[in-house]
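Enquirer: Just a sequence and a predicted model for now, questions to come.
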Amino acid sequence: MSHYLYLIIHTIKNTAATTTELSKLRGVSFGAYNIRSITRKFDDISIFLKRSKLNLLALNETWLNSSIADCELNIDGYAFHRFDRDLGTGRIGGGGLITYYSTKYKFAPIENWDYVYYSISNNDKEILQRSQNCALKTILKVDRLARTEHIHEVLNMDTLEVRRNKHVAVQMYRFVNNLAPSSCCDMFCKVAETHPIQTRAATNDSLHIPKMNLSVGQRNIRYYGVRVWHEADQSLKNLTSIDSFKNEIKKH
């Protein structure tokens, strides 16, 4: 039997007929929704899952915190994993992720980002960039042979590679400043911790870049992420909060 992967961006106000159609889909079905407070819409989400029978539903902006117990989020036939916004950030409200998945399947969260983070190949990056370029030219109704660099400048838009590197830098800021789970932060160490020789890198508190001979290994966050971090301006690294880091790196 052929299997199909469905990505369904669904609004809660859709009709019951739509959810009935979803329940008849073959293969594995996925859904995603910006919920903006799951506690306010929990009954709607519960009804939607029971009608649509989606295999997996990812919700962002759950606005959950430790005061909401897991038992308050249970839905028959589904298990879930949640990731609430860290209350230690000082930000009130917003954020949070939760993923509901059918108990017919076995899902296991990957806690070590070392295995999956930014493992895209150079060929795939080129394909994605060409797709974005084509979409921009179509939307702006310009010649398909026009230079995309000019379009990005006019729109003040970064290429996918630049955006990716900025996002990597944000994650590295979290790792370096212990704002991520310890399983992620422990993947990195300073040069001074790897040998006793007082090299320039050791005295500058630079991060150690592990030896990766293959291109697959060089896409690893332990290698690629450290290189991106080393190329970042020192003024950015010295910022004292993740929010200020995010705001400043957008300007670079």
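Expert: Here it is on my side, so go on.
Enquirer: which parts of stretch 207-221 are buried?
Expert: Residues of stretch 207-221 classed as buried by neighbour count (16 or more other Cβ atoms under 10 Å): 207-209, 219-221. No exception for glycine: its C-beta is placed from N, CA and C like everyone else's.
Enquirer: Quick check: mean pLDDT of that stretch?
Expert: The average pLDDT for stretch 207-221 rounds to 82.
Enquirer: Settle this for me: residue 132 is touching residue 160, isn't it.
Expert: Yes - using Cβ atoms under 8 Å, residue 132 is in contact with residue 160, at 6.0 Å.
Enquirer: Just confirm residue 29 is within a helix.
Expert: No - counting by DSSP: H, G, I helix; E, B strand; the rest coil, residue 29 is not part of a helix but strand.
Enquirer: and it, bridged to which residues?
Expert: Counting by DSSP bridges, residue 29 is bridged to residue 6.
Enquirer: quick revisit: export the buried residues of stretch 207-221 as TSV, with columns for secondary structure and distance to residue 128.
Expert: Converted to TSV, these look like this (DSSP: H, G, I helix; E, B strand; the rest coil; distance: Cβ to Cβ, whole Å):
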residue	secondary structure	distance to residue 128
207	strand	28
208	coil	30
209	coil	26
219	coil	14
220	coil	19
221	helix	19
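Enquirer: which one of the residues you listed sits closest to residue 52?
Expert: The shortest gap between residue 52 and any of the buried residues of stretch 207-221 belongs to residue 221, at 34.7 Å (Cβ to Cβ).
Enquirer: My guess is that closest one contacts residue 167. True?
Expert: No - using Cβ under 8 Å, residue 221 makes no contact with residue 167, being 11.3 Å away.
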